[in-house]
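J.: have a look; sequence and predicted model below, questions after that.
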Amino acid sequence: MRIKVVAAVLFVALAWIGYYSYTDSHRKIVNYPPPATGPIVALGDSLTFGTGADSATCYPTVLGKMIGRPIVNKGVPGDKIADAAARLDRDVLKLKPSIVIVFLGGNDVLQQLPLDRSFQDLERIVRRIQEKGAMVVLVGIRALSPIGGLGARYHALARETGCVYIDDALDDILTDVALRHDQIHPNAKGYHIVAERIAAAMKPYLK
């Protein structure tokens, strides 16, 4: 009897995994294909700015070379999600972007801010960008969180809003001394891996 119960639980779990995998691969990406004109903008904090590297080896510069399009770097060290929301119009929307890469949340986690409020602000950022016609690439963060469930929040937001999604661009980078500048920032080699992961997710939507 116990074996049957375990088998039933496993079947249900696998069915849900299959369902979400299917819906993720077939869900509609809002504003795809992106507008033919307008820059690609990277909105973020120090991880976008490139702390731990330099302007030539930060992830937006490296990513731009990988995909063959320059990327406007709008990373501000120390920014929380609410800070980025406050400068969204000035720094991003006035540029009339075609694609916006949103890579935020690390400082909210490190400062132990209420994540329900942070993710409400993040959803507003995503939807505001989409309202202006741009496609959003959402980068999730799990590596900076001492608690579980953070990745699921990003995943759910991407699914609900129709973003291109990167699960965790920092995965295995901050635990490798050869890839990190300090405990929370990659070095040039680490940022190159971040760029590779984002490029792999974006390229199917750039054709």
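T.: Yep, it's here.
J.: isn't Glu123 up against Thr161?
T.: Yes - with contact defined as CB atoms under 8 Å, Glu123 reaches Thr161; the gap is 6.6 Å. C-betas here are computed from N, CA, C, even on glycine.
J.: the two: which is more packed in?
T.: Neighbour count, other CB atoms under 10 Å: between Glu123 and Thr161, Thr161 has more, with 19 against 15.
J.: skipping adjacent residues, who's closest to the more buried one in space?
T.: In space, and not counting its chain neighbours, Thr161 is closest to Val126: 4.9 Å by CB to CB, 6 or more residues apart in numbering.
J.: the one you found: which element?
T.: helix 115-131 (DSSP states H and E).
J.: what's the closest non-adjacent residue to the most centrally placed residue in the chain?
T.: For the chain, Val139 is the residue whose C-alpha lies nearest the centre (CA atoms, centre = their mean; 0.8 Å). Take Val139 and drop its neighbours on the chain: the residue closest to it by CB to CB, 6+ apart is Phe103, 4.0 Å away.
J.: which stretches of this protein have low pLDDT?
T.: Where the chain drops to pLDDT under 70, the residues are 1-27, 143-148.
J.: rerun that using 90 as the cut-off
T.: Across the chain, residues meeting the criterion (pLDDT under 90) sit at 1-27, 142-151, 168, 207.
J.: which residues in it form strands?
T.: For the chain, applying DSSP state E gives strands covering 40-44, 71-75, 99-103, 135-139, 164-166.
J.: which one of those lies nearest to Asp54?
T.: Ranking these by proximity to Asp54 (CB to CB) places strand 71-75 first, at 11.8 Å.
J.: strands paired with that closest one, and their directions?
T.: Partners of strand 71-75 in the sheet, by DSSP bridges, are strand 40-44 (parallel).
J.: which residues touch the strand it pairs with?
T.: 48, 59-60, 63-64, 69-76, 79, 84, 88, 91-92, 95, 97-104, 125, 139 (CB atoms under 8 Å, 6 or more residues apart in numbering).
J.: can you report how many residues lie near the residue nearest to Val139?
T.: Other residues within reach of Phe103, judged by other CB under 10 Å, total 25.
J.: also Pro34?
T.: Using other CB under 10 Å: Pro34 sits among 21 other residues.
J.: nice, that's everything, thank you.
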